[in-house]
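J.: Task: produce atomic coordinates for the following.
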Amino acid sequence: MGLREKILDRSAKVGVLGLGYVGLPLAVEFAKAGFGVFGIDVDADRVSRILAGNSYIQDVPAKVLGELVSSRKLTATTDYRVLREIDAVSICVPTPLRKTRDPDIQYIADATSKIRECLHKDMLITLESTTYPGTTDEVLLPEFRAAGFEVGKDLYLAFSPERIDPGNPQWNTRNTPKIIGGVTANCTILSKLLYEQVIERVIPVSSTKSAEMVKLLENTFRAVNIGLVNEIAIMCDKLGIGVWEVIEAAATKPFGFMPFFPGPGLGGHCIPIDPLYLSWKLKLLNYNARFIELASEVNTHMPEYVTNKIARSLNRCKKAVNGSRILILGVAYKRNISDIRESPSLDIIRLLHKDGAELHYSDPYAPELRLEDTVLRSEKITAEMLRRYDCVVVVTDHTAIDYDWVARESQLVIDCRNAIRNGGPNVVKL
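T.: Residues are numbered from 1 along each chain as shown. Presented below is the predicted three-dimensional model:
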């Protein structure tokens, strides 16, 4: 039986390499559709938790995971040799930036090497990890050709960018449209066919490079517009204008405007990082991606702008940052999730800690936070507690917190997220 027939009757064995916030939800969707799924990860703790039905990803309910594991539709392992039995594998490994802000594709290279050792005819490999345009053709394709396989005939290779938004109650792996670009037309057709079994809408593009570029355009669009509105916030501050009022009024225009909102900086796994992949690639072609670099500069300096605003506000209350008791509300990079990667809260906390502030925080999704020389633990908010702080800084808002109540009970509030609707004399808006 050929790969196409195996996909259509769901007898194809599917491997998902990398079981993080992208890989585990994808593995679950394939298993729910009736495929036999092998999750592969270098982290033995992750594998053990999956085999015990214990989900560590917020968007994957433990009950659903446990049922799939107990029914043997989904299993997990650290042993890459299971790839020899796999018909289709999706690569969902991390792609961080180095300290020099260059792409670190070592995880992709390692995954490619492991797959090459287990390649067999009629195998489909789809890369989902966000990366620079050209990665699939320049890193994966040569390795598989060197192993003696003709891509598009003996095996199939494609790129499909992940589009996960953790904690989003409306858009998930299944109902978010999926982009597919193959090395050849046959690669695109088979990869599209596979993903159509688990995702409601799959959209083919002409090449792997186009598919890689789609993801970078999506996040560059957001990073640049956030950078723009963050700079507008700074301008409005200097002009004595309320930026939130300006944005809300501009958003009443029914055409030609899309509202973006200022904040303390960029956080998460995509927006602060992905545009820099594109910028790096263009530098190799002797081109400077000016919008990306400028937006990155503005967004990177927002935590410093926030801490300066905190210092100025405390100064007006005849207090210094040094020795002030400051409560940070929200350390995850966005509301109602536990992910603190690249969170601007961390930069704000480090800057205030360096200036001598006595720091505390509250975040229902992040129970513990480690600084260089201390461990902070999330505190439950009470009225008595709020009155003890010299300043409360709303960095990430949460639906479970009544921010108007926080404003009434606090001496001074710095609101970075427009979480406080009614404001008040003790509230300073970003």
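J.: do you know how far the spatially most central residue of the chain is from Val89?
T.: For the chain, the residue sitting closest to the mean C-alpha position, by C-alpha atoms, centre = their mean, is His269 at 3.0 Å. Applying C-beta to C-beta, to the nearest Å, the value for His269 to Val89 is 21 Å. The way it works is simple: take the backbone N, C-alpha and C, and place the C-beta from them, glycine included.
J.: If you count contacts, what does the least confident helix or strand in the chain by mean pLDDT end up packed against?
T.: The weakest-scoring helix or strand in the chain, judged by mean pLDDT, DSSP states H and E, is strand 368-370 (a mean of 86). Applying 3 or more C-beta pairs under 8 Å, 6 or more residues apart in numbering; DSSP states H and E, one finds that strand 368-370 contacts strand 375-377.
J.: elements contacting the strand it packs on?
T.: Taking 3+ C-beta pairs under 8 Å, 6+ apart as the contact cut, strand 375-377 packs with strand 358-362, strand 368-370.
J.: So which of those is nearest Thr188?
T.: Set against Thr188 and scored by C-beta to C-beta, these come closest in strand 368-370, at 44.3 Å.
J.: now the closest one: how far from the chain's centre is it?
T.: A distance of 20 Å separates the centroid of the chain from that of strand 368-370, by C-alpha atoms, centre = their mean, to the nearest Å.
J.: for stretch 194-212, same thing?
T.: 20 Å.
J.: circling back: could I get the helices and strands packed on strand 375-377 as JSON lines with distance to Arg84 and mean neighbour count?
T.: Formatted as JSON lines, those follow (distance: least, C-beta to C-beta, whole Å; neighbours: other C-beta atoms under 10 Å):
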{"stretch": "strand 358-362", "distance to Arg84": "48", "mean neighbour count": "19"}
{"stretch": "strand 368-370", "distance to Arg84": "40", "mean neighbour count": "13"}
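J.: Out of those strands, the one nearest His120 is which?
T.: strand 368-370 (44.2 Å).
J.: and that closest one, which strands flank it?
T.: Strand 368-370 has the following strand partners under DSSP bridges: strand 375-377 (antiparallel).
J.: neighbouring contacts of the partner strand?
T.: Contact partners of strand 375-377, identified using C-beta atoms under 8 Å, 6 or more residues apart in numbering, comprise 349, 359-361, 367-370.
J.: Distance to Asn230 for those - can I get that in a markdown table?
T.: Below are these laid out as a markdown table (distance: C-beta to C-beta, whole Å):
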| residue | distance to Asn230 |
| --- | --- |
| Ile349 | 19 |
| Leu359 | 24 |
| His360 | 26 |
| Tyr361 | 23 |
| Pro367 | 30 |
| Glu368 | 29 |
| Leu369 | 24 |
| Arg370 | 28 |
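J.: by contact count, what packs against the helix or strand containing Leu216?
T.: Leu216 is part of helix 208-239 when elements are defined by DSSP states H and E. Under the contact criterion of 3+ C-beta pairs under 8 Å, 6+ apart, helix 208-239 touches strand 155-159, strand 178-182, helix 243-250, helix 274-284, helix 290-300, helix 302-316.
J.: Please repeat the previous calculation with a cut-off of 6 Å.
T.: strand 155-159, strand 178-182, helix 274-284, helix 290-300 (3 or more C-beta pairs under 6 Å, 6 or more residues apart in numbering; DSSP states H and E).
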